[in-house]
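Engineer: pasting the sequence and the predicted coordinates here, then a few questions.
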Amino acid sequence: MVLTMMLEERGRRASLAITLNFVAFAFALSAVTTNFWCEGTRKVVKPFCTGPPLATKQSFCIRFNSSNINDSRLVQYIWETGDDKFLMRKFHTGIFFSCEQAADFKGFVCRDFSEIAPEQERGVLWLCIVAESLYLSLLFTGGAMLILEQCPCFSVMNKLKLNAFAAMCIALSGLCGMLAHMMFSTIFQLAVAIGPEDWRPTSWDYSWSYVLAWGSFGTCMGSAVTALNRYTKTIVEFKYKRRNIEKNLRLKQKLMELELLDQMWNTTGPGAVLDTDSPHDETPYLVDMDYLPEQQGEEYC
């Protein structure tokens, strides 16, 4: 009954570790492949309207007061003043791309984030990409080991080794992911401060991909702790069982020695004593008091 409960508990811990690993991998993959780590708005001047004039006013461009914009003899006036001359374009950025709303607010125009990052920090950006790749690789490897551990063809010791290696891989992947997330935050803030003028945002904040990335880190470390806890608990249980077995063996050995002494006592009788006075042999032997001479018996007493 106790063994069955222990096996069920180990199975639950293994399932929890695998589930957390799968969630962490899904979150990390979603975060890396999307471009919503940071988002915000950028203030830009409205472009001039092109094409034939429309009956309704276009809010995303500036229209001259005359339809004949090719006639240089006419004086053109721009009626927009103040904030009416500007647009607030939304943008969102990921590790690989940064996308900004088009001039007509239809769709987004994307470009490589490596072009936006400061030139002296592009090496750090590539380190960030390498760390994210290591994060995904180690996380996948640890999860594969946890699943392989459930195969019944492995012995108990091999399962423990797989569990230990899986916990180590998952913990290392979490460290790589944490470094990658921190490096991206640093690079983005530097790009906001000293990046190109045609990209610098007016306001920005972290978005849902960034939250997914740190959520992946949290579940990854939870999976590593669960796997390591399962490993250490199994080792402690084995040591406890071994200590109990050794204790029982020592107890049985003592009982066997006592039974042997009882048998010898019953065989030789209550008058048997140990004689250690033999000059030729130092090993004590039993002497029956009934056969001792009277003088020797007095000396013995």
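Structural biologist: Everything's here; your move.
Engineer: use CA for all of it now, contacts and neighbours both
Structural biologist: Noted.
Engineer: flag every buried residue along stretch 154-161.
Structural biologist: 159-160 (16 or more other Cα atoms under 10 Å).
Engineer: residue contacts, A191?
Structural biologist: With contacts defined as Cα atoms under 8 Å, 6 or more residues apart in numbering, the neighbours of A191 are 116-118, 200.
Engineer: got phi/psi on it?
Structural biologist: phi -60, psi -40 (degrees, to the nearest 10).
Engineer: so how far is F113 from it?
Structural biologist: 10 Å (Cα to Cα, to the nearest Å).
Engineer: now D262
Structural biologist: D262 is 89 Å from F113, by Cα to Cα.
Engineer: can you check A17 too?
Structural biologist: When Cα to Cα is the yardstick, A17 and F113 sit 35 Å from each other.
Engineer: so for those two, which sits in the more crowded spot?
Structural biologist: A17 (26 against 20; other Cα atoms under 10 Å).
Engineer: for that one, give me phi and psi.
Structural biologist: Torsion angles, degrees, to the nearest 10, at A17: phi -60, psi -40.
Engineer: tell me the contacts of the residue nearest to it when sequence neighbours are not counted?
Structural biologist: Spatial nearest neighbour of A17, excluding adjacent residues (Cα to Cα, 6 or more residues apart in numbering): S223 at 4.6 Å. Going by Cα under 8 Å, 6+ apart, S223 touches 16-21, 167, 170.
Engineer: just the buried ones from those?
Structural biologist: For the contacts of S223, buried by 16+ other Cα under 10 Å: 16-18, 20-21, 167, 170.
Engineer: among the residues you listed, which lie within helices?
Structural biologist: 16-18, 20-21, 167, 170 (DSSP state H).
Engineer: so which residue is smack in the middle of the chain?
Structural biologist: C220 (2.7 Å; Cα atoms, centre = their mean).
Engineer: to which secondary structure element is that residue assigned?
Structural biologist: Assigned by DSSP states H and E, C220 belongs to helix 208-268.
Engineer: what ranges of this structure fall below the confidence cut-off?
Structural biologist: 1-10, 45, 47-86, 237-238, 240, 266, 268-301 (pLDDT under 70).
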